[in-house]
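[1] please find the sequence and the predicted model below.
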Amino acid sequence: MKLLVFAHVPPPHHGQSQMVKLMVDGFRAQPDLGIEVLHVDARLSSGMADVGSVRGGKVQALLRYCRQAIALSRKHGCRTLYYIPSPPKRSSLYRDFLVMVLIRWRFERVILHWHAVGLGAWLESESWFWERWLARLCLGRVRQAIVLAASNRADAEILRPRSVAVVSNGIPDPCPDFAETLEARRAGGAVRLETQVLFMAHCTRDKGLFGAVEAVVMANRMGDSGRRFRLTVAGSFLSESEEAEFRDRIGRSDAAGCVEIKGFVSGSEKDLLFQQADVFLFPTYFANEGQPLNLIEALAYGLPCVTTRWRSIPEYFPADYPGLCIPRDVPALARALHSVVERVDGRSLRHEYEQRFAVGSHLSALAAAIRVGSLE
């Protein structure tokens, strides 16, 4: 079947754009999956700071992308559209309205892949009545909705698609030599007194950046084991004021010497940070968190995680996993840092990645859901 993908790939780099690239490249590399991809790289933002902003050039670009989509559909006889709906943000939602008004008529089948979370609740509780009406008109009653986790179904179901499929994200194995290089070290009960903690995400308050520092500082005050936690922060700051505030915070005496800022990393530098870390710390409460790829990467490295009971994140882990905390609960995060180091066998987390988040099973499940959505 032919599928027109109307979505951008990196840059900017974030989970959604990375997953679109993975899907487009994966389907093209594996014709046996039965999906022939036509791609409109509908990039409107030059960087993360520009995402969701309103400026005139974006409208002209969007109109150009819509013309391109219609031309590709006509040329190749493609009648199935793949689209990623907006988070609950008016500027992005109005973009969705415009795109659907301009091109939905051209396609017999529309498949919505929900990466962000929260639009359904926002439409019900905070939107104007005419925004709800437009959302149902433009995004409602599509052939197929795909969500990342069972807990995310509400966003899709409020717009009454014909069917909903749950397909977890998946990534290529970032640590294919795990058995040779890390398995023995991840066996649990780590005894290293200098414990390396890694935070890798966009460096914002709601991704848990400031909570991570407070948790490490508090964890260093706890217990009598002599263990000391050191935090490495990897990622880009999206706000100059938050960066200044963060640098001021880590310059105080209680955090001195236990926090290092690496900035944005990729490739071998990123791999090295995951290899060297003992704990992955991601205390997010980001409103639109879907299924964060950084946690999937941490699982692939067998890296014990301390994170939050937020959105779909608990579905990554067993029900009694000791590293899950209530968002913004710094004392709980600090206790969890000690707990996962002492109790978690990282080999079980690596197995979780292999069973649920490997790229092969992800692409197969995604292709199957799309093919179902293309049926008459």
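    Noted; the coordinates are in hand.

[2] from residue 148, how far out is residue 7?
    Using C-beta to C-beta, to the nearest Å, residue 7 is found at 15 Å from residue 148. Heads up, the C-betas are built off the backbone N, CA and C, glycines and all.

[3] can you report phi and psi for residue 82?
    phi -110, psi 130 (degrees, to the nearest 10).

[4] the one 5 residues further on too?
    Backbone torsions of residue 87, given as degrees, to the nearest 10, read phi -70, psi 170.

[5] so what's it up against?
    Shown in contact with residue 87 (C-beta atoms under 8 Å, 6 or more residues apart in numbering): 116, 117, 118, 119, 287, 288.

[6] for residue 123, same thing?
    Residues near residue 123 by C-beta under 8 Å, 6+ apart: 88, 131, 132, 135, 158.

[7] change it to 7 Å
    Residue 123 sits next to 132, 135, 158 when contact means C-beta atoms under 7 Å, 6 or more residues apart in numbering.

[8] where does the residue lying closest to residue 237 once chain neighbours are set aside fall, secondary structure wise?
    In space, and not counting its chain neighbours, residue 237 is closest to residue 243: 3.9 Å by C-beta to C-beta, 6 or more residues apart in numbering. Element membership for residue 243 (DSSP states H and E) is helix 240-250.

[9] can you give me the buried ones in that helix?
    243, 246, 249, 250 (16 or more other C-beta atoms under 10 Å).

[10] ditto for stretch 150-165
    Quick answer for stretch 150-165 (16+ other C-beta under 10 Å): 152, 153, 155, 156, 158, 159, 161, 164, 165.

[11] between the contacts of residue 87, which is nearest residue 335?
    residue 287 (25.7 Å; C-beta to C-beta).

[12] measure the closest residue to the closest one other than its chain neighbours to residue 124 for me?
    Spatial nearest neighbour of residue 287, excluding adjacent residues (C-beta to C-beta, 6+ apart): residue 118 at 5.7 Å. From residue 118 across to residue 124, the span is 11 Å (C-beta to C-beta).

[13] which one's more surrounded, the two?
    The neighbour count for residue 118 versus residue 124, taken as other C-beta atoms under 10 Å, is higher for residue 118 (19 against 11).

[14] touching, that one and residue 88? I think so.
    Yes. Assessed by C-beta atoms under 7 Å, residue 118 is found in contact with residue 88 at 4.7 Å.

[15] where exactly do the strands run in this protein?
    2-6, 36-40, 80-83, 109-114, 144-147, 164-166, 194-200, 228-234, 259-263, 279-282, 305-308, 324-325 (DSSP state E).

[16] which helices and strands sit right next to the third one?
    When contacts are defined as 3 or more C-beta pairs under 7 Å, 6 or more residues apart in numbering; DSSP states H and E, strand 80-83 sits against strand 2-6, strand 109-114.

[17] at 8 Å instead, please
    Applying 3 or more C-beta pairs under 8 Å, 6 or more residues apart in numbering; DSSP states H and E, one finds that strand 80-83 contacts strand 2-6, helix 90-103, strand 109-114, helix 359-374.

[18] and the angle from the first one to helix 90-103?
    In other words, strand 2-6. The directions of strand 2-6 and helix 90-103 differ by 140 degrees, with axes from the mean of the first three to the mean of the last three C-alpha atoms, to 10 degrees as the criterion.

[19] pairing partners for strand 2-6, with directions?
    Using DSSP bridges, the strands paired with strand 2-6 are strand 36-40 (parallel), strand 80-83 (parallel).

[20] what about the shortest one, distance to the chain center?
    Computed by C-alpha atoms, centre = their mean, to the nearest Å, the chain-centroid distance of strand 80-83 equals 20 Å.

[21] now the first one
    Taking C-alpha atoms, centre = their mean, the mean C-alpha location of strand 36-40 is offset from the chain mean by 22 Å.

[22] tell me which residues in it are buried?
    Buried residues in strand 36-40, counted by 16+ other C-beta under 10 Å: 37, 38, 39, 40.

[23] next one: stretch 68-86
    Buried, per 16+ other C-beta under 10 Å, within stretch 68-86: 68-70, 72-73, 78-86.

[24] farthest-separated two in the contacts of residue 87?
    119 and 287 (10.7 Å).

[25] of these two, who's got more company?
    residue 119 (26 against 15).

[26] how much space separates the more buried one from residue 310?
    Counting by C-beta to C-beta, the gap from residue 119 to residue 310 is 17 Å.

[27] likewise for residue 103?
    34 Å.

[28] could you do residue 302 as well?
    22 Å.

[29] which residues in the stretch 201-350 of the chain form helices?
    209-221, 240-250, 267-276, 293-300, 330-343, 346-356 (DSSP state H, counting those that start in this stretch).
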